[in-house]
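Undergrad: how would this look folded up:
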Amino acid sequence: MKATIEVECKNPEIVIKSLKPEIDDSIKFDVKAESVNDKLILTVEAENISGLLAGINSYMRLIRVAKDGMGELNE
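TA: So this is what the prediction gives:
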């Protein structure tokens, strides 16, 4: 199973850099993050729906924290 999510972000490279340690340590799912213009493209792959949802929820939470830390959520 695979999901691709696009998140608008002023500095997607910084968010990806902050996610790198988590991406490298993923066990239940595979994650790929890339930046295209002002978007972060997150691709999560897992063998089952529970792994896919766990990956999506984890990374969306981490992205939100990173964006909040950069002041993007309050604009």
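Undergrad: gap between the worst-scoring helix or strand of the chain on mean pLDDT and the chain center?
TA: Every helix and strand in the chain was compared by mean pLDDT, DSSP states H and E; the lowest is helix 12-25, with a mean of 91. When C-alpha coordinates are averaged (C-alpha atoms, centre = their mean, to the nearest Å), helix 12-25 and its chain have centres 8 Å apart.
Undergrad: next one: stretch 51-64
TA: Remark: stretch 51-64 is offset 7 Å from the chain centroid, using C-alpha atoms, centre = their mean.
Undergrad: run through who's touching it.
TA: Stretch 51-64 is contacted by residues 1-3, 5, 7, 9, 15, 18-19, 22, 26, 28-29, 31, 40, 42, 44-46, 73 when judged by C-beta atoms under 8 Å, 6 or more residues apart in numbering. The way it works is simple: take the backbone N, C-alpha and C, and place the C-beta from them, glycine included.
Undergrad: check stretch 9-27 too.
TA: Under C-beta under 8 Å, 6+ apart, the answer for stretch 9-27 is 31-36, 38-40, 55, 58-59, 62-63, 66-67, 70, 72.
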